[in-house]
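Asker: any chance you could fold what I've pasted below:
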Amino acid sequence: LLQYLRPSLSDRDIPHRTKTWDEILKRATLAVERMKEKLKLVDSRISMTFDSWTSLPGHPFLSLSA
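Answerer: Numbers count the residues shown, from 1 in each chain. Sure thing, here's the model as predicted:
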């Protein structure tokens, strides 16, 4: 699909799905570690809730409330 939309792209220009997955995991792990460090500085209790859903057109959403 990407090559159809942009014929100048070659296979090596498009990251493989495992590379994309690895990058997402790396960034998520970094975000979790940063959040842990910030929460260590809070001197009260925090309750957290998560929710995820997909809209009718198929857009994914993730919500975090604290």
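
Asker: what strand or helix carries the spatially most central residue of the chain?
Answerer: With distances taken as C-alpha atoms, centre = their mean, the residue of the chain nearest its centroid is residue 24 (5.5 Å). Assigning secondary structure by DSSP states H and E places residue 24 in helix 17-40.

Asker: name the residues that touch the helix or strand just after that helix?
Answerer: Counting by DSSP H and E, the next helix or strand C-terminal to helix 17-40 is strand 49-54. Defining contact as C-beta atoms under 8 Å, 6 or more residues apart in numbering, one finds that strand 49-54 is touched by 60, 61, 62, 63, 64, 65, 66. In this view, the C-beta of every residue, glycine as well, is placed from N, C-alpha and C.

Asker: what average pLDDT does strand 49-54 get?
Answerer: Here strand 49-54 scores 94 as its mean pLDDT.

Asker: would you put the C-alpha positions of it in CSV?
Answerer: Output of strand 49-54 as CSV, limited to C-alpha atoms (Å, rounded to 0.1, in the frame of the first residue of the first chain):
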residue,chain,number,x,y,z
THR,A,49,-7.5,3.5,35.6
PHE,A,50,-7.0,2.6,32.0
ASP,A,51,-9.4,2.1,29.1
SER,A,52,-8.9,1.4,25.4
TRP,A,53,-11.4,1.3,22.6
THR,A,54,-11.7,1.5,18.8
